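A.B. asks: Just the structure for this:
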Amino acid sequence: TIAQPVVLFYLISWLGNQNNVDFGEYFGWLMASLLAFLAFVKTVLHHVSFYISMRLGWNLKMACSGLIQRKVLDLGAGALVKTTQGQIINLVSNDVERFILFGATCHFSWVSILDIFAILALVSWRVGFVPAIAGIGTTIIMIPIQTWLSKYFSKYRKKTAKHTDERVKVMADTLSSMASIKAYG
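C.D. replies: Numbering: from 1, shown residues only. Reported below is the predicted structural model:
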């Protein structure tokens, strides 16, 4: 993905050069073809990597769902009194769903480091080292701010989860009551 802007830079430079003295005629065709090829490769590789990452998330979700089911079956009656049916359903349906998101985004943690160095080199080449460091530094300063914001919003997610547990419990009780009335009514 970082190669596309570089190729686009050379293509635009070739188009801006009226006499084509520095570049031959075929250089523009080469850059345009290379740009199209890179777009195609990016599309193919993105979809393949996204599928593999999502598959990892699906496998993690299924494994955790199986662990939760095994744990619920092993729990005694006293422990099940403390845990509502809504909490278990919410845990399996919503909380375990986060593993799918983890699978889809986990590779960004190491790819971003490579991107930082590549972008630092490209910006240093075009603008200079000091402005490049300033740009990367500004981006890195945003990491603690994002961390703080995620902790701040997690408080609201916990409150939402409590209300969701209550809502699921009420719906489960309502549906089981309706089934009982239908069966015996």
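A.B. asks: Give me the pLDDT value at the spatially most central residue of the chain.
C.D. replies: Centroid-nearest residue in the chain: Thr105, 3.6 Å away (criterion: Cα atoms, centre = their mean). At Thr105, the model reports a pLDDT of 82.
A.B. asks: For Asn59, see how far away it is.
C.D. replies: Per Cβ to Cβ, to the nearest Å, Thr105 is found 15 Å from Asn59. Just so you know, the C-beta spots here come from the backbone N, C-alpha and C atoms, and that holds for glycine as well.
A.B. asks: that older thread, enumerate every residue touching the residue nearest to the centre of the chain.
C.D. replies: With contacts defined as Cβ atoms under 8 Å, 6 or more residues apart in numbering, Thr105 is in contact with Ser53.
A.B. asks: could you redo the last one with a cut-off of 7 Å?
C.D. replies: If a contact means Cβ atoms under 7 Å, 6 or more residues apart in numbering, then Thr105 has no contacts.
A.B. asks: and stretch 7-16, which residues are buried?
C.D. replies: Using 16 or more other Cβ atoms under 10 Å as the test for burial, stretch 7-16 gives 7, 10-11, 14.
A.B. asks: ditto for stretch 97-108
C.D. replies: Buried residues in stretch 97-108, counted by 16+ other Cβ under 10 Å: 99-100, 103-104.
A.B. asks: The longest helix that the chain contains packs against which elements?
C.D. replies: When the chain is parsed with DSSP state H, its longest helix is helix 129-184. Judged by 3 or more Cβ pairs under 7 Å, 6 or more residues apart in numbering; DSSP states H and E, helix 129-184 is in contact with helix 85-90, helix 108-126.
A.B. asks: now it: mean pLDDT?
C.D. replies: Mean per-residue pLDDT for helix 129-184: 81.
A.B. asks: quick one: that helix to helix 108-126, angle?
C.D. replies: Interaxial angle of helix 129-184 relative to helix 108-126 (axes from the mean of the first three to the mean of the last three Cα atoms, to 10 degrees): 150 degrees.
A.B. asks: how far out from the middle of the chain is helix 129-184?
C.D. replies: Put simply, helix 129-184 sits 15 Å off its chain's centre (Cα atoms, centre = their mean, to the nearest Å).
A.B. asks: what would the helices and strands packed on helix 129-184 look like in TSV with mean pLDDT and distance to Met54?
C.D. replies: Below are the helices and strands packed on helix 129-184 laid out as TSV (pLDDT from 0 to 100; distance: least, Cβ to Cβ, whole Å):
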stretch	mean pLDDT	distance to Met54
helix 85-90	70	22
helix 108-126	86	14
